[in-house]
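Asks: Here is a sequence with its predicted model. Questions after.
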Amino acid sequence: MAAVAPTNQRLKTSLRYLLLVLVGAVFIFPIIFMVVSSLKPDGQLLRDTASIRAFLPVGDISLDNYFAAFKRAPVGLFVFNSLLVTGITVIGSLFLCSMAAFAFAFLEFKGKEIVLSLIIATLIIPFETIAVPMLMVVNSLPSIGPDGLTWGWLNSYQVQIVPFLADALTIFLFVQYFRDLPKELIEAARLDGARWFQVYSLVIVPISGPVFATAAILKFLAMYNQYLWPLMVTQSEQFRPVMVGLQYFFQLNTAWGEVMAYLSLITLPVLAFYLFLQRAFIASIASTGIKG
Amino acid sequence: MAGLSLSNLKKTYGKVEVIKDVDLEIGHGEFVVFVGPSGCGKSTLLRMIAGLEDITGGELRIGDKIVNQVQPRDRGVAMVFQSYALYPHMTVYDNVGFGLRLNKTPKDVRDRKIREAAQILQMEHLLDRKPAQLSGGQRQRVAIGRAIVRQPEVFLFDEPLSNLDAALRMDMRMEISKLHQELGATMIYVTHDQVEAMTLADKIVVLNAGVVQQVGSPLELYNRPANLFVAGFIGSPKMNMVEVSVETAGANAIDISGPAIGRLSLATEASGIVLGDKMTLGIRPHDFQQVPEGPFKGTVTLVEHLGNETMVSLKLANGEAMIAALDGDTTCAIGETVSLDFNRDKVHLFDSGGQRRG
Amino acid sequence: MAGLSLSNLKKTYGKVEVIKDVDLEIGHGEFVVFVGPSGCGKSTLLRMIAGLEDITGGELRIGDKIVNQVQPRDRGVAMVFQSYALYPHMTVYDNVGFGLRLNKTPKDVRDRKIREAAQILQMEHLLDRKPAQLSGGQRQRVAIGRAIVRQPEVFLFDEPLSNLDAALRMDMRMEISKLHQELGATMIYVTHDQVEAMTLADKIVVLNAGVVQQVGSPLELYNRPANLFVAGFIGSPKMNMVEVSVETAGANAIDISGPAIGRLSLATEASGIVLGDKMTLGIRPHDFQQVPEGPFKGTVTLVEHLGNETMVSLKLANGEAMIAALDGDTTCAIGETVSLDFNRDKVHLFDSGGQRRG
Amino acid sequence: MTAPALILIVLFLVGPFILAFGFSFTNQRLISPNPTQFVGLSNFEQLLGVGVLTLDPERDDAGQVVLDAEGQPSYPRLRDYTRNNPDYPQYDGMREWFSFSTGDARTYVLARDTVFMKALTNTLLFVIIVAPVQSGLALLLALMINQKLRGINVFRTIYFMPVVVSIVVVSLLWRFIYDGRNGLLNNLLEFLTFGHFQPIDWLGNPDTALFAIIGMSIWQAVGFHMVIWLSGLQTIPLTLYEAADIEGATPWQKFRFVTWPGLRNTAVLILVVITMQAFALFSQIDVMTNGGPLDSTQTLVFQAVVRGYEQQNIAGGSAISVILFLLVLSISLIQRYLTRERT
Amino acid sequence: QTELSLWYHGAGNAVEREILVGIIDDFNSSQSDWKVVLEEFPQAAYNDSVVAAAVAGNLPDIIDVDGPVMPNWAWAGYMQPLQLSEGALDGFLPGAIGKYNDEVYSVGLWDAAIAMYARKSVLEKHDIRIPTLDQPWTKEEFDEILVKLKDSGEFDYALDLGMADQSEWYPYAFGPFLWSFGGDMVDRSSYTTAEGALNGDAALEFGDWWQSLFTRDLVPGTSQDMADRETGFIDGKYALQWNGNWFGIKTLEAVGDDLLFLPAPDFGNGPKIGAASWQFGVSATSDHPDGASAFIGFAIQDKYLAAFSDGIGLIPATAEAAAMTKSYAPGGPLEVFFGLSEAQAMLRPVTPGYVVEALEFRKALSDIANGADVADALDAATDAINADIARNNNYAPAN
Ligand SMILES: Nc1ncnc2c1ncn2[C@@H]1O[C@H](COP(=O)(O)OP(=O)(O)OP(=O)(O)O)[C@@H](O)[C@H]1O
Ligand SMILES: Nc1ncnc2c1ncn2[C@@H]1O[C@H](COP(=O)(O)OP(=O)(O)OP(=O)(O)O)[C@@H](O)[C@H]1O
Ligand SMILES: [Mg+2]
Ligand SMILES: [Mg+2]
């Protein structure tokens, strides 16, 4: 029953911070390297990699790489495309997947367990291994555009969006989270006269902030980093996303400084999105008090 | 019309049979209270009526419809959960108004109803809070509010007042009673509080281990418990039980004797009672009076002063324990010897199967 | 030694002051009951003692040590939560035994203690279940079991019996009482049940809106409530309050009058009472008797038969309402006129500030 | 409510996979003017064919075992048995997968496709190491950043950084770190051992390359799983911690008895996801080693891609995908079985 | 005007775009039938994009194609022969003409070449003979030189081969060594087997030598990092570097007059370097092959060849064009490359199977460098190539 003196408390807190900082150091350096390198000319950049200088903005520092990057590729267009595709996919998939997961977690229907197992099984399939068959599938889908009914979705936004709206990982994530929610809430809502969809949208969604934030960030990353698929389906520059755009910088002589500048630029939206969700995440926990 | 009719209702969890062939008719507008020991299946029965638990067997009708397969939302019931089940992300206001919002009640009507309910439940000052910021009793009131604003045909209350203090509980009890009269809705109410059960119910259903023991008006149950279980369960403190055997059995009177009481004569309809039968004699604590010399004599083991009355626990000569509810100003000390008589008109006799006799 | 001493204890949530300067001494081994209306701060106070809420101001000692900053686990307390807080993934057995397992009680001792507790709580058949498979009352018993097996110096109970039926509740009450005697531990107990409070407590603490109203033995509170709040809060049904004014004030007696009662003479110590003072006269329902002609006359508005007694609500001529607890076999119908007298020795007088007088 | 999601999944995941499944029984090519033909199981036979060959050491005329320069017995050349040897048609086209000595004789386990076999074993090794280590570390991190401390959000962000940054930067950076001469890792180890450490060519050495990849992969993805753990942590009711606090639980005990059981659903999720992702290991290999040196970092998905795209052999790539699918499916079934709710 | 779509692999390269757009504009305004529309792709993703488009039946009219890959695409039916006028390709470097099955499918505006980068001062200091086209280093001489340079202790490695680059570089840069030893990636007489070519005695000899470079620590291995590849020679860590002409200008700027571009060594069957770079062709699905060919015919004018060369540093496809350039004109700093190209250049196997052959070759070389048994590695590559050829019906043209 030792009384804890405040100084002891303070020491403990400092130790915690120390640990946090040390671990932080292990994780932060790619960003530092990237940003620092984006300020250096190629030669120096490569020479510095062997030493700690790789992480220090020393030597010949300038924003030249950024200007050059903008000159080399339509960076704005790529970022716009990526954000558009990613944004729509994230929103759509959160909606579709959480709804599906809701049904799996709370509704009783025939074959539920089997279907869920199958969906989870599809988690196993790495995208790379089905890209070509998938190309064949999207190429035979109808689309209605200015030219009337046409076949094939190549060179469009929807071909980058629709196939990824529903994915097993997101569904699974939601299912596992929903299973931990108190059942009485759903029962109460049903007695209050809520239809299933209302239970979902008015009760479950508002108290599931953390998992929505998690799913959103994971989906965002997956979509934003898409490379192989857009490469296969966007022949026209107009629709290309950032990761395909990155290839603009790998020529016979790779422009490393510009690559770093470009990567720094395209990392910004991801970071911003993550920070935004962090906040939403915290806020949702604080306001619902689902924690107990 | 929203009477209910339960026939042969059954519920099992895995192998555990929790509700066993319950048959029950509840008239439209009736106030029915379920009582029974903890774990006897009251909540389960309520939840089956609400549609939250699958019905393992039997048939449930609300009005004229068999509703075994009907969605909760379409059964026209409202329920107050034992665990409240408030929506954590909504304010009290929104929690209470949720059902109205769902059935598209116009905003002003909704607002009026919510504020009315809040007033009845004495929680107007809490309307902007979230459930996490409420005390247990406050949460319970919100849960009640949520049910009453919707004015359904059938109300289900699962121990709605258990976390309230006596005064508030009485107020709430009155409110619920008033509500019942005003709405004329059918109400099914689970409680552990005898007073609540006695005062609110048109009809009390006593459950034990998933089986209905007796159905009847409060005074019926109090005055003529159908079996030992009901006798012991209804009334507080518990009825005292004394083992006796039948010495003589006349047409309108019997003589009984037992180690605790010696020999006694009771006026009762004695059909079917046979000489030598082992029986149980029940006497309520409140039917005792302290007398200079009576059939029961014992040493005081515990005295509890409740203000208006005093509970005295005795140990009889043969070791049996007995409780008597005496006057509030009774003064007696532990260890003292006390002699009791009882009201001969109010005794209860049960046969060896536990069923009421006479 | 594990007495507690609270001095000037304060708690605020944001701007809401929930506990206001509470001063309280709790002796070692005492049984203290907190009562008060829903939301008055009982749970909060308990949680502050347990170390689960930060203390905004003041000082809390357990034994001789100031524990404001001490971790809950180092305070030597056990607590039964109002919301049970059972570990959902552990069986009842493991839930109950968790604390023992943590303090490395040998397995056989642990097993014995768990089974003992289960027996006391009548839940031996539930030991293998998970909390989700229990009824409300069963969960509550597990929560109690978890606390009692640990035999700490201080027990904190937050409405531990609210979900139990009368019979079981009485059993449990007895068990807790026994436990208290056996262990000699300090117990702090929150309840809404008057009977529990009256029977268990060495000392009752009445709280209202975070302020201590009165501290005293049960009968002290019942017989001499310090103020109107306590008077109204303790006793069920609630004390009847009548507005009166002082007509004459002698040394040992005063005359009072009021629209409801006409003029009356009371024997009371009248120091400080001044002619013309507005006062409140309190009469408990149980202190009424039905008489052919008495000071109170009114129309019956509600009759509640509780079996052993009958609650009769009256409306007096001037519109005031009054409740009387009459004999169990009182027969009177709604609308009838009834006349009541009361026990002159047992009246309570409060001044206009609500404080007890005489 | 599941319908829209199900339709999409069937259309864009199940459908293509079934196509791929079909391809694995044909000779489908990415590019070819020739018609596709059904070839039965031959793609699988090609991948999975193994054989065992035991060879006696060469003996000179006197019957003495011939020793090579290092004093080891020398054996006939394997290629004499596996290449165009009409006496051993069953070994034709096979190569040594691994071998061991049994007395004087040496037993060779031959595989029709040694690269695939290496990819298979590497993948399994990778999964076995990465799944527990990464989920464990991620949980540790999640617990660390779930504390109530001022500014904790900064750390949440920092720990997540490697996930946010493109794999291109990360791989590039780690190639520099792993550089065999003056890489940061070697420099650091040298510094820590006061110069006693012999620099290792981490990515160039078949013995270390896979572990180098493993290290980097864990570092890179751990933040991803940390976030999932974190959302699981948020669902545990606070009152349970309070109850445990009062019962005298230490922080470790609170973790063991409250947190961990409360994370059951999350743990299943994480384990499944990590296993899946580990099996899908591709990008790092593609950027950093291309499967080398000496196939020590070949993985199944990498091989599936190499065959499907670079070698234009969609059928072969699909066959690997199918094998991978069956493999992971059975593992995840076992996993589910092991982590099932025991009631 | 009918639109003709053109795909080009140079996205991100402003100079190339400018020149190409110039050509297109000139062409579009030079006649009124056709209007060429450009779509650019990043180089690293180009082949995959084209294949994907082909699978989806979505190819443009004019595509550009890497020389050695062309037969594969032609065989697969992505491309059709050019309709060029007689004599249009006279004077073109052989590496710039894409021929398959006796038909010209593609033509390049430039070629690329490789040389041994060296510093005159270093060679002189170590008393090393400067080789010429006529008298290249012999195998033994080359080996001695490497050992000598290594032993001098002045360098991390004697020679940088560029092992960091995992792409087409291996077959392009190292295939010629094999050829010079007398081996090949496939038997060019039939193109139906690699047996004897890739695992014959000559190939084994090459393999042993190749492995010895690494076991003797003369060259950096496969784990070399990109930074060293780009800066190692310039910084003096490597004495010699085997590198393409596209690095010439950059290195010249850093090293200055001291820099030498030396011809490939002769390992017995004459010194060799690879030939063929990106070329233009017409897709099989084009509705307007005449227009597409017309554009290609228009684009191969000397002035455009020269413009490209000046822009991106590659070797113009004709001598006339070379004369018009800054670097390859007589006396220009890179003139030597033109000579190398003319004298030593050899095409990589002209077969649809080349794609797989290149992969297997690369893998075998990596494995050998990392210590694999030479014969086994070459056998494995041979088997894989043969299996691929068999799977594709010997790459017989479809009919
Ligand atoms: N987080 C919070 N923020 C604001 N107010 C709070 C918070 N938690 C509790 N309160 C308020 O503090 C007061 C005291 O709450 P407490 O739970 O102690 O009441 P109680 O006496 O236990 O009531 P009950 O008998 O209903 O359980 C209540 O009015 C409640 O609304
Ligand atoms: N999921 C379950 N699995 C097994 N048994 C269960 C389950 N849920 C409830 N039970 C059991 O069913 C019985 C009835 O439970 P129920 O909740 O209806 O009791 P109750 O009468 O409401 O009790 P209380 O008054 O304590 O709330 C109890 O014995 C309980 O243990
Ligand atoms: Mg219940
Ligand atoms: Mg409370």
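Replies: Right, received. Where do you want to start? Ligands and ions are numbered 1, 2, ... in the order given.
Asks: use CA for all of it now, contacts and neighbours both
Replies: Fine.
Asks: What residue, apart from its backbone neighbours, is nearest the residue of the stretch 201-350 of chain B found nearest chain A spatially?
Replies: Chain A sits closest to residue B:210 of the stretch 201-350 of chain B, with a gap of 22.3 Å, by C-alpha to the nearest C-alpha. Excluding the flanking residues, the one nearest residue B:210 by C-alpha to C-alpha, 6 or more residues apart in numbering or on different chains is residue B:19, at 4.1 Å.
Asks: Could you count how many residues lie near the one you found?
Replies: Applying other C-alpha atoms under 10 Å in any protein chain shown, we find 27 residues neighbouring residue B:19.
Asks: Now do the contacts for the residue of the stretch 201-350 of chain B closest to chain A.
Replies: By C-alpha atoms under 8 Å, 6 or more residues apart in numbering or on different chains, the contact set of residue B:210 is B:17, B:18, B:19, B:20, B:22, B:40, B:41, B:42.
Asks: quick one: which of those residues is nearest to ligand 1?
Replies: residue B:42 (23.5 Å; C-alpha to the nearest ligand atom).
Asks: mind listing what the closest one touches?
Replies: B:34, B:35, B:36, B:190, B:207, B:210.
Asks: what's the closest of those to residue C:186?
Replies: Within the contacts of residue B:42, the smallest distance to residue C:186 is 32.6 Å, found for residue B:36 (C-alpha to C-alpha).
Asks: ok now do that closest one, which residues does it touch?
Replies: Taking C-alpha under 8 Å, 6+ apart, we find residue B:36 in contact with B:42, B:192, B:206, B:207, B:208, B:233, C:165.
Asks: Top of these by number of neighbours, please.
Replies: Neighbour counts for the contacts of residue B:36 (other C-alpha under 10 Å) peak at residue B:42, which has 29 neighbours.
Asks: next one: the helix or strand hosting residue A:184 to chain centre, how far?
Replies: Using DSSP states H and E, residue A:184 falls within helix A:183-191. For helix A:183-191, the separation from the chain centroid amounts to 32 Å (computed by C-alpha atoms, centre = their mean, to the nearest Å).
Asks: In that helix, which of the residues would be classed as buried?
Replies: If you call a residue buried by 16 or more other C-alpha atoms under 10 Å in any protein chain shown, then helix A:183-191 has these buried ones: A:184, A:185, A:186, A:187, A:188, A:189, A:190, A:191.
Asks: close to chain C, is it?
Replies: No: Helix A:183-191 lies out of reach of chain C by C-alpha under 8 Å from any C-alpha of the partner chain, never closer than 10.4 Å.
Asks: now what about that helix, what contacts it?
Replies: A:196, A:199, A:203-204, B:50, B:52, B:72-73, B:77-79, B:81, B:85-87, B:99.
Asks: closest to ligand 3 among the residues you listed?
Replies: Closest approach to ligand 3 among the contacts of helix A:183-191 (C-alpha to the ion): residue B:81, at 8.8 Å.
Asks: any idea how far residue E:290 is from that closest one?
Replies: Distance, residue B:81 to residue E:290, by C-alpha to C-alpha, to the nearest Å: 81 Å.
Asks: Comparing these two, which shows the higher neighbour count?
Replies: Between residue B:81 and residue E:290, counted using other C-alpha under 10 Å, the more crowded position is residue B:81 (24 against 15).
Asks: Name the nearest residue to that one, sequence neighbours excluded.
Replies: residue B:158 (5.5 Å).
Asks: The one you found is in contact with residue B:187, isn't it?
Replies: No: counting by C-alpha atoms under 8 Å, residue B:158 sits too far from residue B:187 to count as a contact (11.0 Å).
Asks: Might you report the residue contacts of residue E:118?
Replies: E:239, E:240, E:241, E:259, E:260, E:261, E:262.
Asks: quick one: which two of the contacts of helix A:183-191 are the most distant?
Replies: Between any two of those (C-alpha to C-alpha), the greatest distance is 21.7 Å, for A:204 and B:77.
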